[in-house]
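> Would you be able to build a 3D model of this:
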Amino acid sequence: MSRLIVVSNRLPLGDNPSGGLVVALEDALRSSGGVWIGFSGDVKDDPGDQLQDHPGAPFQRLSFDLNTQDHHDYYLGYSNSMLWPVCHGRPNLMRILPEYLEGYKRVNARIADLMLPQLREGDRIWVQDYHLFPLAAELRARGVTCPIGLFLHIPFPGPADCAALPNPAEMFEWLSHFDLLGFQAHRDLGAFAESARQLAEVDQISETRFRLSGREVRAEVFPIGIDTASFIEEARDAPDEDRVRLLTGAKMMIGVDRLDYSKGIPQRFRAYQILLEQDPDLMECISFLQIAPPTREAVEAYQDIREETEHLAGRINGQFSTLNWTPIRFIHRPFPRPVLAGLYRQARIGLVTPLADGMNLVAKEYVAAQDPEDPGVLILSRFAGAAEEMTEALIINPHDPHDLAQAMAEAFRMPLEERRRRHAALLKGVIDHDVAWWSDAYLDALGQSRES
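Down below sits the predicted model:
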């Protein structure tokens, strides 16, 4: 079997690396003698000119460091102050600076240089996400001819958002050097096709084949899954001491999201406020736990969303709290996966209501964690990639607080028989299309990408 070379912005480190992507790729990397290459997380004055080996995993891990300027321009700059807002429908939050694009291209060129001595004939390269759009072009310029695929974990922008970038044509030129482009949802494949049609030189050969900048590219949808079996087990075995203490008879509603403006957290807080105003019988009946770990706090837009969210939580708690009940518990730090699994299982309502999202695996984790005999109800944004698959959830418009408030009330009062019916259908999809299915489907397609 040919080796699999995975390249991502961050390398999974530690003696026992964990996480959805690691679980997805571990078997393929182990069986092929594969290599995972990524940023170490260390910012140094002198990052060195060789990849560093990290033993302790069933596959080889090689990392690179970044200097302060490269980290600022490539990661905080072009990746997360330009591409991230554009891909999530917020081009108004972009900060366009020429040095960001220069740093983005410079780091991708450096990664290609670092990779070159590690590559062998017959390797397959799987590039992960938006940080590395130019990497295939850089590798091709250095003579690499092996199959190279990209999987985009976030949404692909439509034409109007794409056009807000200072270099949309160049972005499609970068993408044309991949053999396979993988997307989370059909909406992303459609956005790619339409954006390319309007902003680049493209001929669509078939539903999944494009001639882009004179090169043939295959593009398909591969909705990512979770390690369903292990998550079910973790939720079932979660200790009682890791659960929330509630008023007698009260039910928990949970949201778990990085504190990002794409996740719709302020919108769900406002919807909860409307629920309590319009349905006061639900006071002391629903306790809302929002876990929102920090992310990219050096970027101004993330400072703004934290301030807005904390203000809303304080205002709602001040308006509705009783001596024995606080409506919102807002926690701005992460929790281990086993703790989250138990909290999901405890929650009668799971809120996954992003304004834009690639997939959002919290939706699938919430479903997997439920007790099939007494399951909770998933409320899911129509703008999450998961909504294409998980149609038995309560699908809502997160921009409409009245729609979301109504769904909260419906979920709280939903009869057991309907909850069981919806959950059984959702769980079947989560089991059938788990993370192993995702990686197998993508790698099979990558292997076929150069066939007619």
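
> Residues contacting the least confident helix or strand in the chain by mean pLDDT, please?
Ranked by mean pLDDT, DSSP states H and E, the weakest helix or strand in the chain is helix 20-32, scoring a mean of 77. When contacts are defined by Cβ atoms under 8 Å, 6 or more residues apart in numbering, helix 20-32 is touched by residues 1-4, 6, 8, 12, 34-36, 58-59, 126, 128, 224, 226-227, 230, 361, 435-436, 438-440, 443. C-beta: built from backbone N, CA, C; applies to glycine.

> And the pLDDT at Arg270?
On the pLDDT scale, Arg270 is placed at 98.

> residues contacting it?
The contact partners of Arg270, by Cβ under 8 Å, 6+ apart, come to Leu312, Pro401.

> and stretch 263-273, how far out from the chain's middle?
Remark: stretch 263-273 is offset 20 Å from the chain centroid, using Cα atoms, centre = their mean, to the nearest Å.

> ugh, typo on my part, it should be stretch 134-153
Put simply, stretch 134-153 sits 22 Å off its chain's centre (Cα atoms, centre = their mean).

> Kindly check the end-to-end length of that stretch for me.
By Cα to Cα, to the nearest Å, the extent of stretch 134-153 from end to end equals 16 Å.

> Now that stretch: buried residues?
Using 16 or more other Cβ atoms under 10 Å as the test for burial, stretch 134-153 gives 134-140, 144, 146-153.

> now, which of those sits nearest Gln273?
Gln273 has its nearest neighbour among the buried residues of stretch 134-153 in His153, at 32.0 Å by Cβ to Cβ.

> So the closest one is in contact with Gln184, correct?
Yes. The pair His153 / Gln184 is scored as a contact, 6.8 Å apart, by Cβ atoms under 8 Å.

> Run a quick neighbour tally on Gly103.
23 (other Cβ atoms under 10 Å).

> ok, for it, nearest residue in space, not its chain neighbours?
Using Cβ to Cβ, 6 or more residues apart in numbering and skipping residues adjacent in sequence, the residue nearest Gly103 is Asp73, 2.4 Å away.

> what residues do His153 and Gln184 have in common as contacts?
Ile224, Gly358, Met359.

> still on that earlier bit, show only the entries of the buried residues of stretch 134-153 found in helices.
Within the buried residues of stretch 134-153, residues falling in helices by DSSP state H are Leu135, Ala136, Ala137, Glu138, Leu139, Arg140.

> In three-state terms, label Ala407 for me.
State at Ala407, reduced to three classes by DSSP: H, G, I helix; E, B strand; the rest coil: helix.

> Could you double-check that it lies in contact with Leu394?
Yes. Using Cβ under 8 Å, Ala407 makes contact with Leu394 at a distance of 4.6 Å.

> what sits opposite Leu150 in the beta ladder?
Listed by DSSP bridges, the beta-bridge partners for Leu150 are Val127, Leu181.

> circling back to that earlier point, what sits against the residue nearest to Gly103?
Contact partners of Asp73, counting by Cβ under 8 Å, 6+ apart, are Glu99, Tyr100, Glu102, Gly103, Tyr104, Arg106, Val107.

> let's see 10 Å
Asp73 sits next to 66, 79, 81, 97-107 when contact means Cβ atoms under 10 Å, 6 or more residues apart in numbering.

> low-confidence ranges in this structure?
1, 15-20, 297, 451-452 (pLDDT under 70).

> Next SSE downstream of the longest helix along it?
Longest helix in the chain by number of residues, with DSSP H as the criterion: helix 300-320. Per DSSP states H and E, helix 300-320 leads on to strand 328-331 as the next helix or strand towards the C-terminus.

> now could you export just the CA positions of that next one as PDB?
The C-alpha coordinates for strand 328-331 follow below in PDB (Å, rounded to 0.1, in the frame of the first residue of the first chain):
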ATOM      1  CA  ILE A 328     -27.700  30.700  31.700                       C
ATOM      2  CA  ARG A 329     -24.500  29.100  32.800                       C
ATOM      3  CA  PHE A 330     -21.900  30.500  30.500                       C
ATOM      4  CA  ILE A 331     -18.500  28.800  30.800                       C
END
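
> what's the angle from the next helix or strand after that strand to helix 20-32?
As assigned by DSSP H and E, the chain's next helix or strand after strand 328-331 is helix 337-346. Here helix 337-346 runs at an angle of 130 degrees relative to helix 20-32 (axes from the mean of the first three to the mean of the last three Cα atoms, to 10 degrees).

> which other residues reach helix 337-346?
So helix 337-346 is contacted by 18-20, 227, 230-244, 246, 251-252, 254, 256, 289, 291, 334-335, 350, 362, 365-371, 374-376 (Cβ under 10 Å, 6+ apart).

> what are the C-alpha coordinates of it, in PDB please?
Extracted C-alpha coordinates of helix 337-346, given in PDB (Å, rounded to 0.1, in the frame of the first residue of the first chain):
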ATOM      1  CA  ARG A 337     -14.400  14.900  25.800                       C
ATOM      2  CA  PRO A 338     -15.700  12.300  28.300                       C
ATOM      3  CA  VAL A 339     -17.200  15.200  30.500                       C
ATOM      4  CA  LEU A 340     -18.900  16.700  27.400                       C
ATOM      5  CA  ALA A 341     -20.300  13.200  26.500                       C
ATOM      6  CA  GLY A 342     -22.000  12.900  29.800                       C
ATOM      7  CA  LEU A 343     -23.300  16.500  29.600                       C
ATOM      8  CA  TYR A 344     -24.800  15.800  26.200                       C
ATOM      9  CA  ARG A 345     -26.500  12.700  27.500                       C
ATOM     10  CA  GLN A 346     -28.000  14.700  30.400                       C
END
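
> Mind listing the strands whatever helix or strand comes next after it pairs with, and their directions?
Sequence order places strand 349-352 as the next helix or strand after helix 337-346, per DSSP H and E. Sheet pairing of strand 349-352 (DSSP bridges) gives strand 251-256 (parallel), strand 377-381 (parallel).
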